[in-house]
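Undergrad: Generate coordinates for the sequence data below:
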Amino acid sequence: MSKNRKIKIVILAAGKGTRMESDLPKVLAPLKGKNMIRHVIESVQKASNEKPIAIIGHKAELVQSDLGDLCFYVLQKEQLGTGHAVSCAKGDCEGAEDIVVLSGDQPFIKAETIKNLIEKHLETGAKITLATTIPLDFSDWKKAFLVYGRILRENGKIIGIREFKNATDKEKEIKEVNTGCYMFNADWLWKNLDKIENKNAQGEYYLTDLFHIAFENGDKIESIEIEPHEALGANTKEDLEVLENFAV
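TA: Purely as a prediction, here's the structure:
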């Protein structure tokens, strides 16, 4: 498959960060002198020449004024979930053949990981490729992963992702978790995104529901595995303290 495909990179940055006990949008929480999303953007810049699209929502003007021309911007007026966030960027992704989706609150995601994700996706011709991680356990700093979505596999193949809040006790025992870093074939994404429903505990449209749709369709899903600390995000002040311990 041609490596010269048109790729757009979308960074999810609309969250409130209610549990951070701060007035700042979550992605602007500082980490070693730089806010979290700037760490992500730096990795994107090392991995690609493509200026990323930031999906902004809560206090959008603060994020935009902080980042300036580092990104293009799309406003998600209501925070209705990750699936809805990505759908807001459809117009700005016109002409793209593949879409990379990253989280603005995962500051340790490496440029190398983004490159590996793109490479695996293009080499295999998958409709979706994602990064997963397998912590040894859910203790100490790794307890952050306890609430991450679980990767569901059958005979080694990914058949879906179960959000933690909707998982059974047995599914919660699964160690392999979703990191929230994805790459989609663009045509496939736009065709299937409106099939997502919000029939879950939160009433949100989850991007992760696309994995079950892909499996049902017999569409190819691929994955790469990354180091657990790379997948750490922050939803609380305690999470941010964990990140500080890993920050260089």
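Undergrad: okay, which residue is most central for the chain?
TA: Using Cα atoms, centre = their mean, the residue of the chain that lies closest to the mean C-alpha position is Gly180, 3.1 Å off.
Undergrad: Secondary structure element holding that residue?
TA: Using DSSP states H and E, Gly180 sits in strand 177-185.
Undergrad: Determine how far the longest helix seen in the chain lies from the middle of the whole chain.
TA: When the chain is parsed with DSSP state H, its longest helix is helix 111-124. Relative to the chain's own centre, helix 111-124 is displaced by 15 Å; criterion: Cα atoms, centre = their mean, to the nearest Å.
Undergrad: could I get it in CSV with only the CA atoms?
TA: This file holds the C-alpha atoms of helix 111-124, laid out as CSV (Å, rounded to 0.1, in the frame of the first residue of the first chain):
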residue,chain,number,x,y,z
ALA,A,111,6.5,10.1,18.0
GLU,A,112,7.8,6.6,17.4
THR,A,113,4.5,5.2,18.5
ILE,A,114,2.6,7.4,16.1
LYS,A,115,4.9,6.4,13.3
ASN,A,116,4.5,2.7,14.2
LEU,A,117,0.7,3.0,14.3
ILE,A,118,0.7,4.6,10.8
GLU,A,119,3.2,2.1,9.4
LYS,A,120,1.2,-0.9,10.7
HIS,A,121,-2.1,0.5,9.4
LEU,A,122,-0.8,1.2,5.9
GLU,A,123,1.2,-2.1,5.6
THR,A,124,-1.8,-4.3,6.7
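Undergrad: Could you measure from the residue nearest to the centre of the chain over to Lys170?
TA: With distances defined as Cβ to Cβ, to the nearest Å, the gap from Gly180 to Lys170 amounts to 23 Å. To be clear about C-beta, it is placed using only N, CA and C from the backbone, and glycine gets the same treatment.
Undergrad: Ok, Ala186 next?
TA: Going from Ala186 to Lys170 by Cβ to Cβ gives 35 Å.
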